[in-house]
Structures are given as C-alpha cells and as structure tokens.
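Participant: coords please:
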Amino acid sequence: MQRRRAVQVLTATLPVVAPWLVRRAAAQPSTGRLVRVGILGTTSATGFASQWDAFRQGLRELGWEGRDIVFEMRFADNQHERLPHLAAELVASRIDLLATHGIPGTRAAKAATSTVPILMASVADPVAAGLVSSFARPGGNVTGIAFLAQELAAKRLQLLKEALPGLGRAAVLSNPRNAAFSQAMYDAMSAAAASLRVQLQRFDAPDPKDYAQAFAAMATQRMEAVAITEEATLIAHAGALATLARQQRLPSVGNAEYAQAGGLVGYGANREAIFRRAAVLADKLLRGAKPAELPIEQPVQFDLVLNTRTAAAIGVEVPAPLRLRADVVIA
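Facilitator: Below is the predicted model:
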C-alpha cells in the first residue's frame, strides 16, 4: 500500500477531525464518580467493532479508565424495529450518556429520552433529518458529528465515471431498511448521473443474505459497475460486498474503507478517526457540557483510495490522472 500526501478537502467552518485534537491532556483527572455510557449500534457487535473500539480508546486517552467508566452496549443487528426497545433499555439502566450512529439509531435515542445527552458518533445530515435545529446550535439533548452524505455519494459516482470513462449503466446498492437515507443517496447520485450521462438502477438488499442475489441480478441486467451507498449495514459488510463485486467482475465504488476491503475505488473520511473525535465530544458531555450548545462537527479531510490489485483482477485499467490524484494506492 502506498500513501500519498495529497488530500481532498471540503471547505467548512466547523472543527477538523484530527488525531492531535484527541490527544489533548491524555491524563486528565476524572470526575471522581463512576459514569455509565450507553452504546446503541444499528448493526451487529462485530459490524462496527473497529469504530466503537476507536471511540472507547479515545475516551481512555482522555483519562477515562475502567474504574471511572462502564459501557452498556446494545446492537440491533440491522433490525431497525428493535432500536426503540434497545434505546429504552439503555435509558432505564441510568446511563449518563447515550452514544449511537446513523439516523435510525439517533431517532430511536431521541424518542427514548429528552434528558440524557445523546452523542451521534456519525450521522448523515441531522438537520434535514429533523434531529437537531442547526449545526451551530443543535438545541435539545443531541449533538455529535455529521458527514456530508449526499455530496459524498455524488462525488463517488463522479470518481467511478473517471475510473471508467465509457461507463453508461451503473447499479446502486441500497438497504431498504434504512429507507429515508437510501432514497436520499439515490436521489443525490441520480442528479449527478444526469450530467455524467450514466443510467442508474437501484438494487435493494435488506440483509446480508440478500447480497449474492442482488449482485447476480446486476450481472443478469448487464450493469457495468456498482456504487455502494454509505449505509451502516453495508459498511459493516464491506469485505463481503467487495468480494461479490470482484466475482462478478464489476468495478465498484464506496467509502474509503470499502476500497481498502477490496473494492475498486473508495472516497470518504476515515470513520475510525471520526469515532475517535466523537470521544472528545463525549468527554465534554460527561464533564457537564450541554449538548444544545455544542456545535455539530464535520470532517473536512477526505481520502481517495484506489485498489489497483482489484483493478488488475477484474481487467480494468484505471486512467493515469486518477491514479496520480489518489491519496492511497493499494497495489
């Protein structure tokens, strides 16, 4: 793997996700009491394991050791209908903070409590979803980190077209269990597709057991490539999806971690870094900061990842200009 220093940056006025911000005063004294942090996951315990590990490690670096903090964890295993019950369970266990991710998880958390601080470790546009009042002053008991999901979805389709200049038909893989998010991502890509002269077709896969059938349908309908939406369950199964794409010899694009898992092109912020930054916000909330007054943060550094090993395996020659722009090249 080759690492290049070029970075893709989006203009923003909110704080930058950066490792050095997490390392401030690593041995700060605790509050002197045992605190309880609830974690509400929308996927399985293993699906987002590295992200939640990064979150807990970030808290440890800020002085929250085992004697100071207890984690109560609940996972919905992609069954979003379970989220309200799991959120209520966590609130009933007298937690001091409820950390979650994604729109379904945050919505369930917000419905479960109006008093316990809620931290969105990573979520698509929370203002459009009605989760907060504004990015600058969220209001209520919710704050956290948002990513520009629609803009990123459109950018990924553009990069797929750059990788395959002759692309005319592309599939979009979505999770219908997360209907509002999936539709928003498809709409964003559809708007970009019009100017790129690419025809899109959506393929839904509500559960991992449906992935193979979805990819077989793409092959039957002669899709030339596939875009994987940045939805929690799909992210959690990036390796399996990348394998299916290679088996069907389908060029594919997803977030940065997707290309690292074997997809052809990846673009996005490092999700583990986002969850580590979320630990900084958690630390502030646990020490008495009001979520209503903590601005929603956004990452501003985005990496373009190319997997030339996968390109060779599926017989794709990535144009040189795109290779030269890549931040990470996997060879």
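Participant: could you measure Glu257 against Ala273, distance?
Facilitator: Glu257 sits 11 Å away from Ala273, taking Cβ to Cβ, to the nearest Å as the criterion. C-beta coordinates here come from the backbone N, C-alpha and C atoms, glycine included.
Participant: neighbour-wise, which of these two wins?
Facilitator: Glu257 (22 against 18; other Cβ atoms under 10 Å).
Participant: What sits closest to that one if chain neighbours are left out?
Facilitator: Closest residue to Glu257 apart from its sequence neighbours, by Cβ to Cβ, 6 or more residues apart in numbering: Ala238 at 5.8 Å.
Participant: if I look at that neighbour, how far off is Gly144?
Facilitator: According to Cβ to Cβ, Ala238 and Gly144 sit 23 Å apart.
Participant: So between these two, which is more surrounded?
Facilitator: Higher neighbour count among Ala238 and Gly144: Gly144, with 28 against 21, using other Cβ under 10 Å.
Participant: Tell me where this protein has strands.
Facilitator: For the chain, applying DSSP state E gives strands covering 2-3, 8-9, 35-41, 69-75, 97-100, 118-123, 142-146, 169-174, 199-204, 225-228, 252-254, 265-268, 301-307, 328-330.
Participant: which one of the ones you listed lies closest to Glu293?
Facilitator: Glu293 sits nearest to strand 142-146 of all the strands of the chain, at 8.3 Å, using Cβ to Cβ.
Participant: longest helix of this structure?
Facilitator: Taking DSSP state H as the criterion, the chain has its longest helix at helix 179-196.
Participant: starting at the chain centroid, how far to it?
Facilitator: The chain centroid and the centroid of helix 179-196 are separated by 17 Å under Cα atoms, centre = their mean, to the nearest Å.
Participant: ditto for stretch 101-119
Facilitator: The answer for stretch 101-119 is 17 Å, by Cα atoms, centre = their mean.
Participant: do stretch 305-323 as well
Facilitator: With Cα atoms, centre = their mean, you get 24 Å for stretch 305-323.
Participant: Let me see the residues that make contact with it.
Facilitator: 159, 162-165, 242, 246, 249-251, 256, 259-260, 262-267, 326-331 (Cβ atoms under 8 Å, 6 or more residues apart in numbering).
Participant: Show me which positions of it end up buried.
Facilitator: 305-308, 310-311, 316, 318 (16 or more other Cβ atoms under 10 Å).
Participant: What is the end-to-end distance of that stretch?
Facilitator: 9 Å (Cα to Cα, to the nearest Å).
Participant: Please apply the same query to stretch 307-320.
Facilitator: Stretch 307-320 end-to-end distance (Cα to Cα) = 13 Å.
Participant: Excluding chain neighbours, give the residue nearest to Ala212 in space.
Facilitator: Leu244 (6.3 Å).
Participant: Surely the one you found is in contact with Phe215?
Facilitator: Yes: Leu244 lies in contact with Phe215 (Cβ atoms under 8 Å); the separation is 4.4 Å.
Participant: thinking again about what came up before, between the strands of the chain, which gets the lowest average pLDDT?
Facilitator: Lowest mean pLDDT within the strands of the chain: strand 8-9, a mean of 30.
Participant: Any stretches of the stretch 151-300 of the chain with poor pLDDT?
Facilitator: For the stretch 151-300 of the chain, no stretch has pLDDT under 70.
Participant: redo that, cut-off 90
Facilitator: 300 (pLDDT under 90).
Participant: do you know how far Gly68 is from Leu62?
Facilitator: Quick fix: residue 68 reads Asp, not Gly. 10 Å.
Participant: Those two: which is more packed in?
Facilitator: Set Asp68 next to Leu62 and count neighbours by other Cβ under 10 Å: Leu62 wins out with 22 against 17.
Participant: Nearest residue to the more buried one in space, please, no chain neighbours.
Facilitator: Closest to Leu62 by Cβ to Cβ, 6+ apart is Asp283, at 4.6 Å.
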